[in-house]
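Colleague: how would this look folded up:
(chains A and B)
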Amino acid sequence: MFEYAPAPESRDIVDIRPSYGLFINGEWVEPQGEERHKTVNPATEEVLAEVAWAGEADVDRAVQAAAKAFPVWSAMPGAERAKYLFRIARIIQERARELAVLETLDNGKPIRESRDVDLPLVAAHFFYYAGWADKLSYAGFGPDPRPLGVAGQVIPWNFPLLMLAWKIAPALACGNTVVLKPAETTPLTALAFAEICRQADLPPGVVNIVTGAGETGAALVNHPGVDKVAFTGSTEVGRLIARSLAGIRKKLTLELGGKAANIVFEDAPLDQAVEGIVNGIFFNQGHVCCAGSRLLVQESVAADLLEALKRRLGTLRLGDPLDKNTDIGAINSAEQLAKIRELSEAGEAEGAERWSPACPIPDRGYWFPPTVFTGVAQSHRIAREEIFGPVLSVLTFRTPAEAVEKANNTPYGLSAGVWTEKGSLMLWMASRLRAGVVWSNTFNRFDPTSPFGGYKESGYGREGGRHGLEAYLAV
Amino acid sequence: MSERTERLSVRKTYKLFIGGAFPRSESGRSYVVTSSKGDFLANAARASRKDARDAVSAARKAFPGWSGATAYNRGQILYRIAEMLEGRRAQFAAEVADADGVSAKKAGELVDAAVDRLVWYAGWSDKIGAVLGSANPVAGPYFNLSSPEPTGVVAVVAPQAGPLLGLVSVIAPVIVTGNTCVVVASERAPLPAITLAEVLATSDLPGGVVNILTGSAAEMAPWLAGHMDVNGVDLTGAGPELAVTCEELAAENLKRVLRPPADRVDWLADPGIERMTAFLETKTVWHPIGI
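Modeller: Sure, this is the predicted structure:
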């Protein structure tokens, strides 16, 4: 491996306040309760800031602000709403470097990813849905589709600002107002977004941000003033939300877990497949619901592919997320690290063979080396449960039918990958894989025009594209 | 030589419809079905939890073939169902009149509407993909296509009123897109459902695509809503309390839920496409473009 001189991105560009309140009705307000939590940089365990923990009364205040803003926002001509969203998109572009650094500090993901993937997609998402705001009558949901009202949105920590964009952009374009709760470990870019709303002169109450943990999310989801619930996170919590909303007339969309198969056939270009496998499971430290966490490789090429894969993993650089050469950043939290460790230990205990490249681990922070398990059986926990970390489980198959059966042998159905040079086989596989997104000869591609969402226990509803509007319209 | 007596009619035994066959309930239970005036019409099978599970297995087994059939083929089969229903118009009209207490003329109109509804949905089979799918202009060298796909096995609680038109109006949109289903027929008026099963059995519809259970919705619907191999549940015919129970159970494996309508449904009105979209997934396929 070549030696690289450190090339850290400067963090001077971000200005983190020591303490943040809640963003309600266009103002920073103090929570009614005393509770505050520290958000830390997972790469160093350094405390970045203190944020408020919103209680029920705070959530109620935010929902009321959103409800008050709804008549104005929904009655505004679509072209005017569009211009606010375009304005927000532009500010995001202008502040992209700052937001990328902030995201990397709070989340632990490599700056290369926050700079080159997250932020461009965030801005693109606002641009895309801005354009819909005055074209909803052409979207295929009737001549005059109506918004739902107040959207309560709860997002995860793996792509904090991108998930915010996926939630807020279509909601606002359709004329809804929102109360959004960012994840407890990654609140800072959402709070920066609140400032952007002010910069854009967005009417007060259209966007409200309440920070907190699970109880705050539950208070939001179950608030009677919320007309629409959108949640991205674990299947376990998704289930709870679906149950709690039974019989209640709130529209619900859920984007939940996954255990995607990345399927490599013997005729695939192996070098490209190796890059796709690496991108599939080690992108964002594997903190990706659609990660290609199960590699299904055709038996005839399994040995060659694994050798090439291990060689490639030996070149990945783990370390300072702010360093522009870093490939693998920090695990987002101690809690997540413990979960990854626990499942990896279960993998060994159940008889799979564990391998990681030689990889120095920093002394402070939360880290997990890229890890590959071979000899994995379908019954192993590491083949069934979502690890949400840089851990790949390798299984083999002989025939396309066996590949389909193994790929679909999961309660999840978010994504899948297929690597083959044979077009008819690719389409045959794509039609049989029970997953909402199929990447063929590529993996982990995202675009605001492309609908994203799962089958089965990966949730329901789509985000992105024309399809993504449906979640925020009374249809 | 004995005197000639009046001919004794041969009564029909109404059974369940599972996997293309007509079994009795494994429980051996049956219940009395009466007309709207209270006259005895027939005994119908009272399906059990095990019957419901058998029906789910049959529906699951039929799913790959039915969802993998061409849209044209599914449309042809739905049209064939309409043809067969039309051919038995008189029998259905009599059963609907008995069940609903409507005039013979009105019953005939309801049967006609059921036939027309099937024809309408038959035509959707090879059009819904074009209406709901999209070619997405992603910002990169990728081909990107979204298409609707069937959700899987859908449990349908058929409306209690509208024993034929309502029933056809909930089954057709589920199966035309490639789903298979387990239907709990109207408890009070199950006979047209079983006669419809006879039509389905002779319409080239593969066994297991539609399975019909008669008996208590309150007893069967929760089993189906909680069944881990069912992907969606249509609660149109469930009362408010039963619907909430079923929706809570459905959360366990995140089934797609179509809630009961807030208002009384006019089954003669334009149905719209919502009953199809409720049980469709969107699949998006990416592929690089290059040389």
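Colleague: residues contacting B:Gly207?
Modeller: B:Gly19, B:Gly20, B:Ala21, B:Ala58, B:Ala62, B:Ala201 (C-beta atoms under 8 Å, 6 or more residues apart in numbering or on different chains). C-beta here means a position set from N, CA and C on the backbone, and glycine is covered the same way.
Colleague: buried ones among those?
Modeller: With burial judged by 16 or more other C-beta atoms under 10 Å in any protein chain shown, the buried subset of the contacts of B:Gly207 is B:Gly19, B:Gly20, B:Ala58, B:Ala62, B:Ala201.
Colleague: tabulate those (TSV), appending secondary structure and distance to chain A.
Modeller: Formatted as TSV, those follow (DSSP: H, G, I helix; E, B strand; the rest coil; distance: C-beta to the nearest C-beta, whole Å):
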residue	secondary structure	distance to chain A
B:Gly19	coil	22
B:Gly20	coil	24
B:Ala58	helix	19
B:Ala62	helix	16
B:Ala201	helix	28
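Colleague: what would those look like in TSV with pLDDT?
Modeller: Converted to TSV, the buried ones among the contacts of B:Gly207 look like this (pLDDT from 0 to 100):
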residue	pLDDT
B:Gly19	98
B:Gly20	98
B:Ala58	98
B:Ala62	98
B:Ala201	98
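Colleague: just these now: which is nearest A:Pro18?
Modeller: Distance to A:Pro18, by C-beta to C-beta, is smallest for B:Ala62 among the buried ones among the contacts of B:Gly207, at 62.6 Å.
Colleague: helix/strand/coil for the residue lying closest to the closest one once chain neighbours are set aside?
Modeller: Nearest in space to B:Ala62, with sequence neighbours left out and distances taken as C-beta to C-beta, 6 or more residues apart in numbering or on different chains, is B:Gly208 at 3.1 Å. Three-state call for B:Gly208 (DSSP: H, G, I helix; E, B strand; the rest coil): coil.
Colleague: let me know whether stretch A:394-414 sits next to chain B.
Modeller: Yes: for stretch A:394-414, a contact with chain B is found by C-beta under 8 Å from any C-beta of the partner chain, at A:Pro411.
Colleague: flag every buried residue along stretch B:276-291.
Modeller: Buried-residue list, stretch B:276-291, by 16+ other C-beta under 10 Å: B:Met276, B:Thr277, B:Ala278, B:Phe279, B:Leu280, B:Glu281, B:Thr282, B:Lys283, B:Thr284, B:Val285, B:Trp286, B:His287.
Colleague: now the second one: phi and psi?
Modeller: Translated: B:Thr277. Dihedral angles of B:Thr277 (phi, psi; degrees, to the nearest 10) stand at phi -70, psi -20.
Colleague: which parts of chain B sit against chain A?
Modeller: Counting by C-beta under 8 Å from any C-beta, the residues of chain B that sit close to chain A are B:68, B:131-132, B:134, B:136-140, B:142, B:144, B:146, B:151-152, B:231, B:240, B:243-244, B:247-248, B:250-254, B:256, B:259, B:274, B:281-288.
Colleague: what about the residues you listed, which are in helices?
Modeller: B:Gly68, B:Val131, B:Leu132, B:Pro240, B:Ala243, B:Val244, B:Glu247, B:Glu248, B:Ala250, B:Glu274 (DSSP state H).
Colleague: which among those end up buried?
Modeller: When those are checked for burial by 16+ other C-beta under 10 Å, the buried set is B:Leu132, B:Ala243, B:Val244, B:Glu247, B:Glu248, B:Ala250.
Colleague: possible to save the residues you listed as a markdown table with pLDDT?
Modeller: Below are those laid out as a markdown table (pLDDT from 0 to 100):
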| residue | pLDDT |
| --- | --- |
| B:Leu132 | 98 |
| B:Ala243 | 98 |
| B:Val244 | 98 |
| B:Glu247 | 98 |
| B:Glu248 | 98 |
| B:Ala250 | 98 |
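Colleague: sweet, I'm off.
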